[in-house]
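>>> Take this sequence and fold it.
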Amino acid sequence: MVNDDDECLYVKAYDISFDYFLAYIDECEKLGFVDDYPDEDVRYNYYGTNADGYRVHIRFIDYMHYIEITLEAADE
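You can find the predicted model right below:
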């Protein structure tokens, strides 16, 4: 499922493992996203922001084995 507009992209990806969720976070960080809450363990949510002000939220839904990814445009 994908939903997007000028300010936000929302994606659900199914049949995802927790390890894949963690690997996806690693890839986001390689692309320049920085953990907004670095003192907290990543359990089922990750919030990151890049140098251009884009924000990403990645959430793992364990019992249904999917992730939700929200990418928001930078504030103007």
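>>> Excluding chain neighbours, what is closest to the most centrally placed residue in the chain?
Nearest to the geometric centre of the chain sits Ile58, at 2.6 Å (C-alpha atoms, centre = their mean). Once its chain neighbours are removed from consideration, Ile58 has its nearest residue in Tyr46; the separation is 4.5 Å (C-beta to C-beta, 6 or more residues apart in numbering). Yep, even glycine has a C-beta here, placed from its N, CA and C like the rest.
>>> Could you give the separation of whichever strand or helix holds the one you found from the chain centroid?
Here Tyr46 is covered by strand 45-49, with elements defined by DSSP states H and E. Relative to the centre of its chain, strand 45-49 is centred 6 Å away, using C-alpha atoms, centre = their mean, to the nearest Å.
>>> Please identify which helix or strand holds Leu22.
For Leu22, the enclosing helix or strand under DSSP H and E is helix 18-30.
>>> May I have that helix as CSV, with CA atoms only?
The C-alpha trace of helix 18-30 is given here as CSV (Å, rounded to 0.1, in the frame of the first residue of the first chain):
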residue,chain,number,x,y,z
PHE,A,18,12.4,-7.8,12.6
ASP,A,19,15.9,-8.2,11.2
TYR,A,20,14.7,-6.6,7.9
PHE,A,21,13.3,-3.7,9.9
LEU,A,22,16.6,-3.2,11.6
ALA,A,23,18.5,-3.5,8.2
TYR,A,24,16.1,-0.9,6.7
ILE,A,25,17.0,1.5,9.5
ASP,A,26,20.7,0.9,8.9
GLU,A,27,20.2,1.8,5.2
CYS,A,28,18.3,5.0,6.1
GLU,A,29,21.2,6.0,8.3
LYS,A,30,23.7,5.3,5.5
